[in-house]
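Visitor: sequence isn't available, so here's the structure alone:
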């Protein structure tokens, strides 16, 4: 006969069985039984200062490590505060398990104190979710949740557990590998389709590879390089795919799409064959699908069959794991030269370099100085103009090094995601690049970083305005700048100091390097208040119907 | 080309599965023309029959998105020519004494039944494929229909 234990203990044991190292969370009435048990857990708990921070930290941890990130919150407001973070993880396919407390079973449906229909709310933003009504199901549920969150196309999974289930005795089942009748992802690409794709690529004169955010393993990172080199194929990336291909590689043309580089957008527009790898052809990349890649035959490689044909019709869809498919594809190609095509695009790139902004302290200057002092960090961004600057001006040459909220575009993502990333990868420098708007949305997590001693560096591009909003008003609203002026009230260095972090102010160009050096060597969380001279727009930007209707 | 498709879904009979499926349709702007759900021969499994309108691309997306729901085990697109489809309608009519004879003839012709009668109020039922039920309802329109209700379609492949 199996030993009985409380539901809370069963969860902790199940998390332990999954090899969990860290859990990010915030206690409340309904998940207190879990907290009572976490004291005895062999893994570390990070107390956040807002539940949204817990979800972003777990997400950042997952993105940086490739493991499943775990967070917990109480019922009601605890759960709703997680929602933005869960949706962020969902849109960017990040492996997250969220455990929420729920009111006791006899109270569910009665509008009890701190009751909210957490599973109802999170159906559209989770890969799957559970309301556990029977403690005996907990062990199996946790195992399933980890399996779902981390496999095939990763995503967030939520487990909602009523308080009385946490408190009550249960008989935990064996943590067997889950067998889910309704979840059988296709991992191996269809050999016939791979063969057809190889034939199309062999016949191509102007091929282009698009890399997306689904490339996350070293194996697929290397296979992509092999593919690009074997047949001399230029590579463009989506924002999410920035970390998926070495940015200093001669075949790399940079970001394409709405804020794409001219050479990259030209490549897409003139290509006769496009190989889209682990990308969903999102609207920020393609622009109007009617005008997208008018001459191209499209090979679409993705692990999620629903992405194939959703936004763009592919001539040759290949469903499966890019690791496997890219390897097979490279083997079938004999090597080809597209010197004219590549040369033309490289010339285009040279003719359209990134602009050097005038001014004393500018975002590009800060980023370039950072690159010099710290060439291979995990770079985490917030959302806005600085995010696009970071994508353009900070080349990265390793996998899982660029963490950004691409799909949902969540302001406030940067700092907590960086804290999660640093906890997962203490061996690597982690730098968050933020705007002053987004930073203020989750800056209370500086306290978490200070108390838990997480030495992240946060660069606040402080220009007293909501930059991307201002840029949109500049381009599309007749320069009527409403509600984008943030005023000049915040001293971010003092804000950081008041929360137990190192705070430094950069007001002149000469201060950029010493301040950065000090922050990088501080060994404790630090904030650089970078007083940006004047709000500067980030270009290129597509303003018309096609990717070639741009201003730069 | 926009047309109607009948989709059959085999899924786990768990709480909330209807929300997961119907929510998917509204969230992704797919149109449900009708929906019916019931138990199957296998315990713990339900079967949905959903009529959806859209072109082939929409239909493919519906099918693929449905398959991503963990509780969904199988999704078929049932081709009309290979399907047995049934709907069921209940119609309450207030029929004058002088017209009862002719109404009775129509009921017989459409293979309907009188389920209850009370004075001039008759409650009728009709079962058939969607065309037959349409036809019957059309014929009954000449009489004073007080209330009527119709189920969603259920379908099986031959």
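Guide: Noted; the coordinates are in hand. Here the structure is a predicted model, which means the values were calculated and not measured.
Visitor: just the terminal-to-terminal distance for stretch A:302-318.
Guide: 7 Å (Cα to Cα, to the nearest Å).
Visitor: where along chain B do the helices fall?
Guide: B:17-27, B:56-68, B:100-109, B:130-140 (DSSP state H).
Visitor: how close does the residue lying farthest from the centre of chain B get to chain A?
Guide: If you look at how far each residue of chain B sits from its centre, by Cα atoms, centre = their mean, the farthest one is residue B:98, at 33.5 Å. With distances taken as Cβ to the nearest Cβ, to the nearest Å, residue B:98 is found 54 Å from chain A. (Each C-beta comes from the backbone N, C-alpha and C, glycine too.)
Visitor: enumerate every residue touching that residue.
Guide: Not one residue lies near residue B:98 by Cβ atoms under 8 Å, 6 or more residues apart in numbering or on different chains.
Visitor: for it, give its distance to residue B:143.
Guide: Distance, residue B:98 to residue B:143, by Cβ to Cβ, to the nearest Å: 12 Å.
Visitor: ditto for residue A:482
Guide: Separation of residue A:482 from residue B:143 (Cβ to Cβ) stands at 63 Å.
Visitor: so for the two, which residue has more residues nearby?
Guide: The neighbour count for residue A:482 versus residue B:143, taken as other Cβ atoms under 10 Å in any protein chain shown, is higher for residue B:143 (19 against 9).
Visitor: leaving out chain neighbours, which residue sits closest to the residue in chain B that chain A sits nearest to?
Guide: Taking Cβ to the nearest Cβ, chain A has its nearest neighbour within chain B at residue B:64, 3.8 Å off. Leaving aside its sequence neighbours, residue B:64 sits nearest to residue A:306 (Cβ to Cβ, 6 or more residues apart in numbering or on different chains; 3.8 Å).
Visitor: follow-up on the earlier one: with mean neighbour count and mean pLDDT added, can I get the helices of chain B in JSON lines?
Guide: Listed next are the helices of chain B as JSON lines, based on neighbours: other Cβ atoms under 10 Å in any protein chain shown; pLDDT from 0 to 100:
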{"stretch": "helix B:17-27", "mean neighbour count": "16", "mean pLDDT": "94"}
{"stretch": "helix B:56-68", "mean neighbour count": "18", "mean pLDDT": "93"}
{"stretch": "helix B:100-109", "mean neighbour count": "14", "mean pLDDT": "94"}
{"stretch": "helix B:130-140", "mean neighbour count": "17", "mean pLDDT": "94"}
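Visitor: can these go into JSON lines with extra columns for distance to residue A:416?
Guide: Shown next, in JSON lines, are the helices of chain B (distance: least, Cβ to Cβ, whole Å):
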{"stretch": "helix B:17-27", "distance to residue A:416": "27"}
{"stretch": "helix B:56-68", "distance to residue A:416": "28"}
{"stretch": "helix B:100-109", "distance to residue A:416": "69"}
{"stretch": "helix B:130-140", "distance to residue A:416": "54"}
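Visitor: and residue A:316, which of those helices is closest to it?
Guide: helix B:56-68 (15.9 Å; Cβ to Cβ).
Visitor: elements contacting the closest one?
Guide: strand B:3-12, helix B:17-27, strand B:45-54, strand B:72-78 (3 or more Cβ pairs under 8 Å, 6 or more residues apart in numbering or on different chains; DSSP states H and E).
Visitor: 6 Å instead?
Guide: strand B:72-78 (3 or more Cβ pairs under 6 Å, 6 or more residues apart in numbering or on different chains; DSSP states H and E).
Visitor: how about the strand it packs on against chain A, any contact?
Guide: Yes. Judged by Cβ under 6 Å from any Cβ of the partner chain, strand B:72-78 comes into contact with chain A at B:72-73.
Visitor: please identify the buried residues of that strand?
Guide: The neighbour-count check on strand B:72-78 (16 or more other Cβ atoms under 10 Å in any protein chain shown) flags B:72-73, B:75-76, B:78 as buried.
Visitor: out of those residues, which one sits closest to residue A:63?
Guide: Checking the buried residues of strand B:72-78 against residue A:63 with Cβ to Cβ, the nearest one is residue B:72 at 28.4 Å.
Visitor: bridging residues for the residue lying closest to the closest one once chain neighbours are set aside?
Guide: Distances taken as Cβ to Cβ, 6+ apart put residue B:11 closest to residue B:72, at 4.8 Å, once the chain neighbours are dropped. Beta-bridge partners for residue B:11, by DSSP bridges, are residue B:46, residue B:72.
Visitor: give me the number of residues near residue B:11?
Guide: 25.
Visitor: residues contacting the lengthiest strand in chain B, please?
Guide: Longest among the strand segments of chain B by residue count, using DSSP state E, is strand B:83-94. Outside strand B:83-94, the residues that touch it by Cβ atoms under 6 Å, 6 or more residues apart in numbering or on different chains are B:120-127, B:129-130, B:133, B:140, B:143-151, B:153-156.
Visitor: name only those of the residues you listed that count as buried.
Guide: Among those, those buried by neighbour count (16+ other Cβ under 10 Å) are B:122-124, B:126-127, B:129-130, B:133, B:140, B:143, B:148, B:150-151, B:153-155.
Visitor: still on that earlier bit, and the longest strand of chain B, which strands flank it?
Guide: Strand B:83-94 pairs in its sheet with strand B:121-128 (antiparallel), strand B:144-150 (antiparallel), strand B:154-157 (antiparallel), by DSSP bridges.
Visitor: just for chain A, where's the confidence low?
Guide: In the predicted model, chain A carries pLDDT under 70 at residues A:1, A:175.
Visitor: likewise for chain B?
Guide: Using pLDDT under 70, chain B has no residue that qualifies.
Visitor: correct me if wrong: residue B:63 contacts residue B:75.
Guide: Yes. Under the criterion of Cβ atoms under 6 Å, residue B:63 makes contact with residue B:75 at 5.1 Å.
Visitor: rewinding a little: the residue nearest to residue B:64 belongs to a strand, doesn't it?
Guide: No. Counting by DSSP: H, G, I helix; E, B strand; the rest coil, residue A:306 falls outside a strand, being helix.
Visitor: check contacts around it.
Guide: So residue A:306 contacts B:64-65, B:68 (Cβ under 6 Å, 6+ apart).
Visitor: at 10 Å what do you get?
Guide: Residues in contact with residue A:306 (Cβ atoms under 10 Å, 6 or more residues apart in numbering or on different chains) are A:153, A:280, A:319, B:60-68.
Visitor: which of those residues sits closest to residue A:456?
Guide: residue A:153 (28.4 Å).
Visitor: if we ignore the residues flanking it in sequence, what's nearest the closest one?
Guide: That would be residue A:304: by Cβ to Cβ, 6+ apart, it lies 4.4 Å from residue A:153.
Visitor: dump the residue contacts of that neighbour.
Guide: Going by Cβ under 10 Å, 6+ apart, residue A:304 touches A:93, A:152-153, A:155, A:185-186, A:214, A:278, A:280, A:310, A:319, B:64, B:68.
Visitor: narrow those residues to those that are buried.
Guide: For the contacts of residue A:304, buried by 16+ other Cβ under 10 Å: A:93, A:152-153, A:155, A:214, A:278, A:280, A:310, A:319, B:64, B:68.
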